[in-house]
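1. The following block contains a protein sequence and its predicted model.
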Amino acid sequence: MDRHFDQELSELKETLLRMAGFAEQVVAQSLKALIQRDDALAKKVEDDDTVLDQLQVEIDDRCIKMLALRQPTARDLRFITMAMKIATDLERIGDQATNIARRASELNKEPLLKPLVDIPRMAEIAQSMIHDALDAFVYEKPELARETIKRDKEVNKLNYQLHRELTSFMIEDPHTISRSLNLINVAHNLERIGDHATNIAEEIVYLYEARDIRHQHEEPPQPLKVGG
Amino acid sequence: MHSVMDKPIIQISDLDFWYGESQALFGVNVAIGPHRTTALIGPSGCGKSTLLRCLNRMNELIEQTRMTGQITMNGHDINAPDVDVIELRKRVGMVFQKSNPFPKSIFENVAYGLRIQGLKGAELEGRVERSLRKSALWDEAKDRLQESALQLSGGQQQRLCIARTIAVEPEVVLMDEPCSALDPTATSKIEELIQDLKQFYTIVIVTHNMQQAARCSDYTAFFYLGKLIEFDETTKIFTNPGHKQTEDYITGRFG
Amino acid sequence: MTFQRTKRDWQSIGLTAFTATATAAIVGIVLMILGNIVWNGASQMSFRFVFGGTREGMFEASRAGVFPMIFGTLALVILMTVCVLPVGVITAIYLTEYARAESAINRLIRGAINNLAGVPSIVFGLFGLGFFIQFVGGGIDKLFYGGELHYGEPALIWAAATMAVLTLPVMIITTEEALRAIPKGLREASLALGATKLETIWKVVLPQAIPGILTGSILAVGRGAGEVAPIMFTGAAYYLAHLPTHWTDQFMHLGYHIFVLSTQSPDVERTKPILFGSVLVLLMLTFFLNLAGVLVRARIRRRARFGHA
């Protein structure tokens, strides 16, 4: 049956996708600002963060009203509660992108410490995670979300590597300390972005499979229990 | 307070109402906005149905009732001596708690009010079809228009009653607990219908079911013991009510 | 805990036995009466008896017929129904739809109806004689015929009118009940659609009440076909050579005929078969009138239930 409530739900989904697209965009721009040493772009990313903040407020408002007025159940209930969580993660991703942009502005003031290899690699994985988590959402593919979650390990590993490498830089030459710290920060931000993308993927799995897979990544999916 | 309330279609001012010696409404003030759904909620005996029946003067059918205060529709006092109550009821239709189709055919039920107005032939048939379409009953009923309305299911009967009411093209449709005798599926169909009809009519609905008020109304008035406790946008009432009594009622902590 | 029965419930057993006996007694009495009538009357049944006249000899079992009485009874019943139906229905509509339930006038009318129902039928006969024949009929004659007798004597119309007064309480009370049984919601629905009270009564209330009104009519007809006392002074004749052709004519009536046969017969033993035959015919007539009413009512009820009304 065609319900007015369905109309509201699809509006919510649209808003959520708009926010997701915007989050992806600011992450990409923040990295471009870093890699291409583009101050103007970095500034723009910092300014754009308010758009994400506003979208988050809008989504929360919609969800609260729907919870109060529609008494959603089952899949509708999961969708609305997960929408609120996804919006929170997207807003945090935006914050991380802003941080990266700020570090980029700092780094641009000094010559390049070393050619960036690991950071673009991390960024690529983190961005692909956001992208795939959202694809899983749009195309209702929880299996894609499960795939996405596995990639978080690579991001974490690269972050650890970079951490060690930059630590050795700082020990060898104190002049590199501020630049190294900035880069460590960027890596840390990317690692956080990976975490948020993981959260989103977990939320997508919960949305479509009604199964909470947080804090148990190693276990294979349990077959659904039928009956009792 | 709200833009739509600047030009209400119905304005209820300082309304008191008595059944014999017992007072049912105390100084009620409500403004009903055009093309909005206003829900009247509250525990049993709070006066919400009484208020509803004041709006098309159905209370007059009950002996020994009296009221003071004023109800205006489009600025005209509906209780003024020169008001024709028959005309008023054509413009303020009513759907009752218990679906009450006439023991006539589906077609004749919808045609009833129109025949009284003297409509005939193709015009009558057109209006009947349009009303049935608006009430989302056409597809189910089009092949059985000559069958008895009493053969329809409870939910269909209630939609037929809505079709019958809107056939005479009122401005306002009053609904007195229209879903209280229906199962959840039939109820949700009626609720969808209410949301569809908002674009054509101003709807005032009395309901025991506050979730129903939440789902399908724009404004909600909460009554308790004959007094209007709170009247505001439904969203506001259900997310952040201004009175403790309202909050207790909508959260189920009443009493 | 045990569910074992320790003693019999003698009270229930006793009451069941008592009520069953009472029912059986009633059924038995009815069967006895009917059996007696059918047993003694069946031999008299013939085409000639039912459709023959009295010209050949009213008290001669082999020649007497009862057709004039059947005709007179039917004519009386039909005229009576025509009189009682509108008056009864209109009164009932006034009482249920218009009069305020607690008003003095309503209580007065109701009291009058109840009293009317308790009046012995012979009193109606005398009332019919005094009011309809002497006052109304005599008045009409004085006004329109210069005192010449047309309406001021016993006639079919006055007998029917008297019978209508007798059956009025039944008619009013059953119609009232039928009107009251119509859900308030239907009236409200009609009024809420902008119908006037009259339109509501005419289009919604009355069509719904027809089965109930018919029940009233059936009861009235049953009573009207059988009562003798009210028509003795107002229109029934001992013997007539011709069928009545106008409502001012007198008529012969089955019930009155039975009364005549049992009180005026020159030889009771010889007229006994006619007596039983007439009673049987009267019973069957009443039965068929009731049956016709019940069938019509059932048909209307079905139509009311399934639309097209």
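-> All right, it came through fine.
2. confidence score at residue 85?
-> As the question left the chain open, I've gone with chain A. A:Lys85 carries a pLDDT value of 93.
3. that answer is for a different chain, and I need it for chain C
-> Among the per-residue scores, C:Leu85 shows a pLDDT of 92.
4. Wasn't it part of a strand?
-> No: going by DSSP: H, G, I helix; E, B strand; the rest coil, the assignment for C:Leu85 is helix, not a strand.
5. which stretches of chain A have low pLDDT?
-> A:1-2, A:217-228 (pLDDT under 70).
6. Can you list the neighbours in contact with stretch B:65-75?
-> Here stretch B:65-75 makes contact (C-beta atoms under 8 Å, 6 or more residues apart in numbering or on different chains) with B:9-20, B:25, B:27-28, B:54-55, B:59, B:77-79, B:88, B:91-92, B:171-172. Just so you know, the C-beta spots here come from the backbone N, C-alpha and C atoms, and that holds for glycine as well.
7. how about the helices of chain B, start to end?
-> Along chain B, the stretches classed as helices by DSSP state H are B:48-55, B:85-91, B:106-116, B:121-134, B:138-141, B:154-167, B:184-197, B:210-216, B:234-239, B:244-250.
8. Please list only the buried members of the contacts of stretch B:65-75.
-> Listed as buried from those are B:9-12, B:15, B:17, B:25, B:28, B:54-55, B:59, B:78-79, B:88, B:91-92, B:171-172; burial here means 16 or more other C-beta atoms under 10 Å in any protein chain shown.
9. that older thread, show only the entries of the contacts of stretch B:65-75 found in strands.
-> Counting by DSSP state E, those place B:10-19, B:25, B:27-28, B:77, B:92, B:172 in strands.
10. Apart from its chain neighbours, what residue comes closest to whatever residue of chain A ends up closest to chain C?
-> With C-beta to the nearest C-beta, the shortest gap between chain A and chain C falls at A:His4, namely 26.8 Å. Among residues not flanking A:His4 along the chain, B:Gln195 sits closest, at 4.6 Å (C-beta to C-beta, 6 or more residues apart in numbering or on different chains).
11. Show the contacting residues for that neighbour.
-> Going by C-beta under 8 Å, 6+ apart, the list of residues near B:Gln195 reads A:4, B:37, B:216.
12. What parts of chain B come near chain C?
-> Counting by C-beta under 8 Å from any C-beta of the partner chain, the residues of chain B close to chain C are B:56, B:58, B:61, B:63, B:86-87, B:89-90, B:93-94, B:96, B:98, B:100-106, B:108, B:112-113, B:116-117, B:146-151, B:161, B:164-165, B:168.
13. Isn't the residue of chain A closest to chain C up against B:Glu192?
-> Yes: if you go by C-beta atoms under 8 Å, A:His4 and B:Glu192 touch, sitting 6.2 Å apart.
14. Can you point out the buried residues in the strand or helix carrying A:Ile86?
-> Applying DSSP states H and E as the criterion places A:Ile86 in helix A:74-108. Buried positions in helix A:74-108, judged by neighbour count with 16+ other C-beta under 10 Å: A:76, A:78-105, A:107-108.
15. Same check on stretch C:107-117?
-> For stretch C:107-117, the neighbour count (16+ other C-beta under 10 Å) marks C:109, C:113, C:116 as buried.
16. about what we covered before: how close does the residue nearest to A:His4 get to B:Ala136?
-> Using C-beta to C-beta, to the nearest Å, we find B:Gln195 at a distance of 11 Å from B:Ala136.
17. What is the burial count for the residue of the stretch 1-150 of chain B found nearest chain A?
-> For the stretch 1-150 of chain B and chain A, the shortest gap (C-beta to the nearest C-beta) falls at B:Ala136, measuring 9.9 Å. Using other C-beta atoms under 10 Å in any protein chain shown, B:Ala136 has 19 neighbouring residues.
18. In this structure it contacts B:Glu191, no?
-> No: contact criterion C-beta under 8 Å: B:Ala136 and B:Glu191 do not qualify, at 11.5 Å.
19. Identify the contacts common to the two.
-> Between them, B:Ala136 and B:Glu191 share no contacting residue under C-beta under 8 Å, 6+ apart.
20. So, low pLDDT: which residues of chain B?
-> In chain B (pLDDT under 70), the answer is B:1-6, B:255.
21. Up against chain A, what does it have?
-> Neighbours of chain A within chain B, by C-beta under 8 Å from any C-beta: B:188-189, B:192, B:195, B:211, B:214-215, B:234-235, B:238-239.
22. Can you tell me which of those residues is nearest C:Ile218?
-> Nearest to C:Ile218 among the residues of chain B next to chain A is B:Lys189, at 44.0 Å by C-beta to C-beta.
23. how close does the nearest residue in space to that closest one that is not next to it in sequence get to chain A?
-> Excluding the flanking residues, the one nearest B:Lys189 by C-beta to C-beta, 6+ apart is B:Gly155, at 5.9 Å. Shown here: B:Gly155 relative to chain A, a distance of 13 Å by C-beta to the nearest C-beta, to the nearest Å.
24. Would you confirm that B:Gly155 contacts B:Ser188?
-> No: using C-beta under 8 Å, B:Gly155 makes no contact with B:Ser188, being 9.5 Å away.
25. on that earlier part again, how about the residues of chain B next to chain A in JSON lines, adding distance to A:Leu112?
-> As requested, the residues of chain B next to chain A are exported to JSON lines (distance: C-beta to C-beta, whole Å):
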{"residue": "B:Ser188", "distance to A:Leu112": "63"}
{"residue": "B:Lys189", "distance to A:Leu112": "67"}
{"residue": "B:Glu192", "distance to A:Leu112": "62"}
{"residue": "B:Gln195", "distance to A:Leu112": "61"}
{"residue": "B:Gln211", "distance to A:Leu112": "62"}
{"residue": "B:Ala214", "distance to A:Leu112": "59"}
{"residue": "B:Arg215", "distance to A:Leu112": "60"}
{"residue": "B:Thr234", "distance to A:Leu112": "59"}
{"residue": "B:Thr235", "distance to A:Leu112": "54"}
{"residue": "B:Phe238", "distance to A:Leu112": "57"}
{"residue": "B:Thr239", "distance to A:Leu112": "53"}
